[in-house]
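*Asks:* The following comprises the amino acid sequence and a computationally predicted model.
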Amino acid sequence: MKKISFHPSQLQIVYFVIYLALFGLIIYIPQLIDSPVHITKRLILEEEIGEGLLLIILFLLNILILNLYRKEAARQKAVIEKINNDKKSVEERLFDSFRYIGQVNVQIQQIKSIFNSSDKFPETRNDFKKTLYFFGDRVLGIVNASWVLFRIIDNNNGRTIYEQLEKRPGVIIDYPHVSNRMIVDNQASPGLSTVISGPQNLKILVCCILPKDKINKDERSFIQAITNEITMIFIILNSVYYKESGMLVPDHK
């Protein structure tokens, strides 16, 4: 059987001592007043009346002390509840901080894996496709989404140069249709989040589309780093230097 330990507070001890003192006075009153009390020569207080008045005074004093004790106990209870609530709030914030630090660490590892994944740039369309598959896997590792669509748009005519859809295993969806004009004009699409590459002075625009109404600032920064990397890779892949040097080999079908 579990033992219950009780530790009285200082307030309870003080109230108990005062209560005992008042109780002792009540018991001692008959011995204290054993004859009529002469207030003045003409005003004489009978023994019973004096005892009754003194008992009433002690009784009222006891009630007053009890009310003071209850108010102080309620105040201390409110302080304890406030401390517990503050403690709970601090613990929740600490938990959120640890969770955020964990997410940041994951994102840092993902970013490291992006920039240290390969020691050479893709040389064929098939290599580029594999690269986008890798980037899509990194995005889905950070953002809780069922699919991700990369699209490269020609800024001159607004047409799609290349696009690639990556899905989580087992996900079945209809191919998403997103207006290039809305992407170029940076207009929001209902139920979708679009992240556009940083460089604005190029002839191409690389965007990443996700089936989410909103993504946080860290996720957007992470995805924009990927779109910027795709932009650089695509420009290198289609550069005059690569074409003239003969390093760009045809796809193996």
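*Replies:* Okay, I see it.
*Asks:* okay, now the nearest residue to Phe121 once chain neighbours are set aside: neighbour count?
*Replies:* Distances taken as C-beta to C-beta, 6 or more residues apart in numbering place Ile236 nearest to Phe121, at 5.3 Å, with adjacent residues excluded. From N, CA and C alone the C-beta is placed, and that goes for glycine too. By other C-beta atoms under 10 Å, the residues close to Ile236 number 13.
*Asks:* by contact count, what packs against whichever strand or helix holds Ile236?
*Replies:* Assessed by DSSP states H and E, Ile236 sits inside helix 217-237. Contacts defined by 3 or more C-beta pairs under 8 Å, 6 or more residues apart in numbering; DSSP states H and E place helix 217-237 against helix 47-115, helix 125-142, strand 147-154, strand 193-196, strand 204-210.
*Asks:* Figure out which of the ones you listed is closest to Glu219.
*Replies:* Nearest to Glu219 among these is helix 125-142; the distance by C-beta to C-beta comes to 6.0 Å.
*Asks:* Give me the buried positions along the closest one.
*Replies:* Asp127, Phe128, Thr131, Leu132, Phe135, Gly136, Arg138, Val139, Leu140, Ile142 (16 or more other C-beta atoms under 10 Å).
*Asks:* Using PDB, write down the CA coordinates of that helix.
*Replies:* In PDB, the C-alpha atoms belonging to helix 125-142 read as follows (Å, rounded to 0.1, in the frame of the first residue of the first chain):
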ATOM      1  CA  ARG A 125      19.700  14.800 -70.800                       C
ATOM      2  CA  ASN A 126      19.600  11.500 -69.000                       C
ATOM      3  CA  ASP A 127      22.200  12.800 -66.500                       C
ATOM      4  CA  PHE A 128      20.100  15.900 -66.000                       C
ATOM      5  CA  LYS A 129      17.000  13.800 -65.400                       C
ATOM      6  CA  LYS A 130      18.900  11.800 -62.700                       C
ATOM      7  CA  THR A 131      20.000  15.100 -61.100                       C
ATOM      8  CA  LEU A 132      16.400  16.400 -60.900                       C
ATOM      9  CA  TYR A 133      15.400  13.100 -59.400                       C
ATOM     10  CA  PHE A 134      18.000  13.600 -56.700                       C
ATOM     11  CA  PHE A 135      16.900  17.100 -56.100                       C
ATOM     12  CA  GLY A 136      13.200  16.000 -55.900                       C
ATOM     13  CA  ASP A 137      14.100  13.400 -53.300                       C
ATOM     14  CA  ARG A 138      15.900  16.100 -51.200                       C
ATOM     15  CA  VAL A 139      12.800  18.400 -51.400                       C
ATOM     16  CA  LEU A 140      10.400  15.600 -50.400                       C
ATOM     17  CA  GLY A 141      12.800  14.900 -47.500                       C
ATOM     18  CA  ILE A 142      12.300  18.400 -46.100                       C
END
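*Asks:* And stretch 214-228, what's buried?
*Replies:* Ile215, Glu219, Phe222, Ile223, Gln224, Ala225, Ile226, Thr227.
*Asks:* That stretch - what's its average pLDDT?
*Replies:* The pLDDT scores in stretch 214-228 average 87.
*Asks:* cool, and stretch 195-206?
*Replies:* Here the average pLDDT along stretch 195-206 is 85.
*Asks:* Please identify the buried residues of that stretch?
*Replies:* Val195, Ile196, Ser197, Ile204, Leu205, Val206.
*Asks:* Can you tell me what sits against it?
*Replies:* By C-beta atoms under 8 Å, 6 or more residues apart in numbering, the residues outside stretch 195-206 that reach it are 150-156, 161, 183-184, 186, 207-208, 210, 215, 220, 223-224, 227-228, 230-231, 234-235.
*Asks:* Sweet, I'm off.
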